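S.K.: the sequence isn't on hand, but the structure is:
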């Protein structure tokens, strides 16, 4: 950053003088480095209007500064004034046609406005004479990915990684493209090559760990991450990802240990506290979980997973009214999340707010029409309220969306029997038995009387005998 000041007081004084200049429209002279400091300061805070004002004032005093022209172009891009930014860049390139930073900025903006081919052309032009090529390769890869040309994207992400094995963005995008192409498994040899070249490369082990994790080969992912941390004891990302892999195999104490190590190595952030909170939640240590979820929410009030986590813990503690409050805080941040609506629907039902519960289930269903849990829970409330035909109709709609889900057929069978529609019920029962015979025990939950269970069991046994 420009303006390498000796202390905070000096920097504070400069910003104060600039603020006064804006308020009083009073002119002060600043050198070019100071102007660049002021511009960067306000830009990093997202105060683009003040950053642009500083830039305009600076350009009046230093009209021939290419650095200021570039600063202005970047500000125009950040405020989504892309056409103005490109026009200014092209004017500047007339004066300095091979400026790598300007051409890189142009290529990035072209990508932002959807001119991916133009972006590829611009970035490809500068890649040969750029010193740090990995970022250019990465952005070319992103442009090809946006064009759905995953083969070319893969080529450029690999080039970026060959320049810098620690380039995590390229790694993740490469894994995504390989996954789309169905080539993750076959790509293991590519990642193994880095390990063969340098068995003590922590990044090589980390990278292959990510691929194993995506392939759901969690034990191998854990081993790879462990090698990475043995080589580099302060590799916080490897500890964090190892924690994620342990979570996937339900080994919560080991996951917690790795998340706690990450917390010691990194600055506190919402993501790591939320991960720790999830561990405690899964281990049913709800008070500890809430403590970490609350820390996450304080560090980042917009991190909706923390509010949702608090709600889940309160729900488990049967504090449903409080849980609803936190579910709604999460929902406010992400109103299109069906899981949040589903949680609210369940909690509202538990508090006796049937109408609110049904409304929430309806919202959840609109957002996620292929979630069987929504149909099952929603229809159960309707059936419980005596709305038999609505419950039956809802499950039939669910079967249209999920024709291979046996639980839907078994539930419909139960509703039809309880409604006295035996012939139709047994037709659906046969479909359910064909799809998943073992799930037939779910029927007995609706028929606690032993006599009814015996009658159903005889029908199910007749089907078993007819099976080839």
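M.R.: Structure received. In this text the structure is predicted, and so the values were computed from the model without any measurement.

S.K.: now stretch 397-416: mean pLDDT?
M.R.: Summarised as a single mean, pLDDT over stretch 397-416 is 95.

S.K.: now do that stretch: distance to the chain's middle.
M.R.: Remark: stretch 397-416 is offset 31 Å from the chain centroid, using CA atoms, centre = their mean, to the nearest Å.

S.K.: kindly report the same for stretch 450-465.
M.R.: Taking CA atoms, centre = their mean, one finds stretch 450-465 lying 47 Å from the centre of the chain it belongs to.

S.K.: so which bits of that stretch are buried?
M.R.: 456, 460, 463 (16 or more other CB atoms under 10 Å). For every residue, glycine as well, the C-beta is placed using N, CA and C.

S.K.: my guess is the second one meets residue 441, correct?
M.R.: I take that to be residue 460. No - counting by CB atoms under 8 Å, residue 460 stays clear of residue 441, with 9.7 Å between them.

S.K.: quick one: the helices in the stretch 1-150 of the chain?
M.R.: For the stretch 1-150 of the chain, the helices defined by DSSP state H, counting those that start in this stretch occupy 8-24, 32-44, 48-61, 66-78, 82-95, 100-112, 116-127, 134-146, 150-163.

S.K.: most tightly packed of the ones you listed?
M.R.: Most buried of the helices of the stretch 1-150 of the chain by mean neighbour count (mean count of other CB atoms under 10 Å) is helix 134-146; its value is a mean of 23.

S.K.: which elements pack onto that helix?
M.R.: For helix 134-146, the elements it packs on are helix 100-112, helix 116-127, helix 150-163, helix 168-180, judged by 3 or more CB pairs under 8 Å, 6 or more residues apart in numbering; DSSP states H and E.

S.K.: can you put the ones you listed in CSV and add mean pLDDT and distance to residue 35?
M.R.: As requested, the helices and strands packed on helix 134-146 are exported to CSV (pLDDT from 0 to 100; distance: least, CB to CB, whole Å):
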stretch, mean pLDDT, distance to residue 35
helix 100-112, 89, 18
helix 116-127, 94, 27
helix 150-163, 93, 34
helix 168-180, 88, 31
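
S.K.: Serialize those helices to CSV and add fields for distance to residue 437.
M.R.: CSV is the format used below for the helices and strands packed on helix 134-146 (distance: least, CB to CB, whole Å):
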stretch, distance to residue 437
helix 100-112, 53
helix 116-127, 52
helix 150-163, 41
helix 168-180, 34
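
S.K.: so which of those is nearest residue 423?
M.R.: helix 168-180 (47.4 Å; CB to CB).

S.K.: buried stuff in the closest one?
M.R.: 170-171, 173-178.

S.K.: what does the helix or strand following that helix contact?
M.R.: Under the assignment DSSP states H and E, the closest C-terminal helix or strand after helix 168-180 is helix 188-197. With CB atoms under 8 Å, 6 or more residues apart in numbering as the test, helix 188-197 has contacts from 158, 165, 201, 203-205, 207-208, 211.

S.K.: quick one: least confident of these?
M.R.: The member of these with the lowest pLDDT is residue 165, and it reads 82.

S.K.: and that one, helix, strand or coil?
M.R.: Following DSSP: H, G, I helix; E, B strand; the rest coil, we place residue 165 in the coil state.

S.K.: separation between it and residue 158?
M.R.: Distance of residue 165 to residue 158, given as CB to CB, to the nearest Å: 11 Å.

S.K.: ok, now residue 105?
M.R.: Relative to residue 158, and taking CB to CB, residue 105 is found at 25 Å.

S.K.: and residue 384, by the same measure?
M.R.: Residue 384 sits 57 Å away from residue 158, going by CB to CB.

S.K.: with residue 344 instead?
M.R.: 45 Å.

S.K.: quick one: mean pLDDT over the helix or strand where residue 357 lies.
M.R.: Element membership for residue 357 (DSSP H and E) is helix 354-367. Mean per-residue pLDDT for helix 354-367: 97.

S.K.: helices and strands around it, which ones?
M.R.: Packing partners of helix 354-367 (3+ CB pairs under 8 Å, 6+ apart): helix 338-350, helix 372-384.

S.K.: as a markdown table, the ones you listed with mean pLDDT, mean neighbour count and distance to residue 419 would be great.
M.R.: Listed next are the helices and strands packed on helix 354-367 as a markdown table, based on pLDDT from 0 to 100; neighbours: other CB atoms under 10 Å; distance: least, CB to CB, whole Å:
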| stretch | mean pLDDT | mean neighbour count | distance to residue 419 |
| --- | --- | --- | --- |
| helix 338-350 | 97 | 22 | 22 |
| helix 372-384 | 96 | 20 | 9 |
